[in-house]
Structures are given as C-alpha cells and as structure tokens.
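> What follows is a protein structure lacking sequence information:
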C-alpha cells in the first residue's frame, strides 16, 4: 500500500529558475535549509533592504549625471573614458543612456541578490556611488 501518491509534480526537485511564473506572484522569500542559504539561488520575492539599496543607487546615478552636467557647464571634464565618449556622441542626453544601463544592471543584481558575492557587490556599488556624490558636491562647492 502506498500512502505518498502525489498527483502533482513536486517543484522542489529543481531549483527555482531566474525567471518563472512565480517571479511576480510567488511567495518564496528565502531558503529553508542552511545549505541552500549558503549556496544562494533565486527566490520569488526580495528583501526590502535590497530594494532600498538598489533604489538608492538609481537615485545616486541620476544625481551623478546631473552633477556631471553642472561641472561640465563650468569648464570641468569627465574622468570616465566610457562616459566621456558617450557625452561626445549624445551630448546632454547621455544621462538617458547612463540611466538605462545602470537600471538594467540593478535589475540583474536584484535577481541574483541571494548570492553572497552579489550582496557584497551591491554594498560596494552603493558605497562607490556615495563617494562619487560627495566628490561631486566638493567640486561644485569650489566652483
């Protein structure tokens, strides 16, 4: 006699994929097993702290572009060679390219945020952007 006859397929046999039907409507927020938490993986919902940091980075990115335009208008120059090239091509509309590229990167970081290295990377990027923002403010105050 068999008591464990499942009529539906057990979804736990395979890990949660990066994108699935549960991405928007799922309930999985974390991993139950310690080894799963240490290994990392994909979940359906993300921690509000990660969302805060990613929105902070998006806002700092916009401020970075805005402050760059102010500094360029006052005779300054762009140190980043990639952004410098894009400014030469797109002019003052470079911020659209910059915002799109950073936003796409932030979405990818969010999807992979349960991996330890990505959490460290998110904190590192936030710290770098805060440093760049303070550097911009220092330059603008000396104009």
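Cool, got the structure. A quick note: this is a predicted structure, and the numbers were derived from the prediction, not measured.

> Just list the residues touching residue 121, thanks.
Applying Cβ atoms under 8 Å, 6 or more residues apart in numbering to residue 121 gives the contacts residue 109. Every C-beta, even on glycine, is put in place using the N, C-alpha and C of the backbone.

> what comes up buried for the helix or strand harbouring it?
Assigned by DSSP states H and E, residue 121 belongs to helix 116-141. Within helix 116-141, the residues scored as buried using 16 or more other Cβ atoms under 10 Å are 118, 119, 122, 125, 126, 129, 132, 133, 136.

> And the fifth one, how far from residue 56?
Between residue 126 and residue 56 the computed distance is 6 Å (Cβ to Cβ, to the nearest Å).

> picking that back up, quick one: mean pLDDT over the helix holding residue 121.
Averaged over helix 116-141, pLDDT sits at 94.

> so where's this protein uncertain?
Across the chain, the ranges flagged by pLDDT under 70 are 1-45.

> any idea which helix or strand carries the nearest residue to residue 106 once chain neighbours are set aside?
Closest residue to residue 106 apart from its sequence neighbours, by Cβ to Cβ, 6 or more residues apart in numbering: residue 54 at 4.8 Å. Using DSSP H and E, the element containing residue 54 is helix 48-73.

> Just want the angle from that helix to helix 116-141.
30 degrees (axes from the mean of the first three to the mean of the last three Cα atoms, to 10 degrees).
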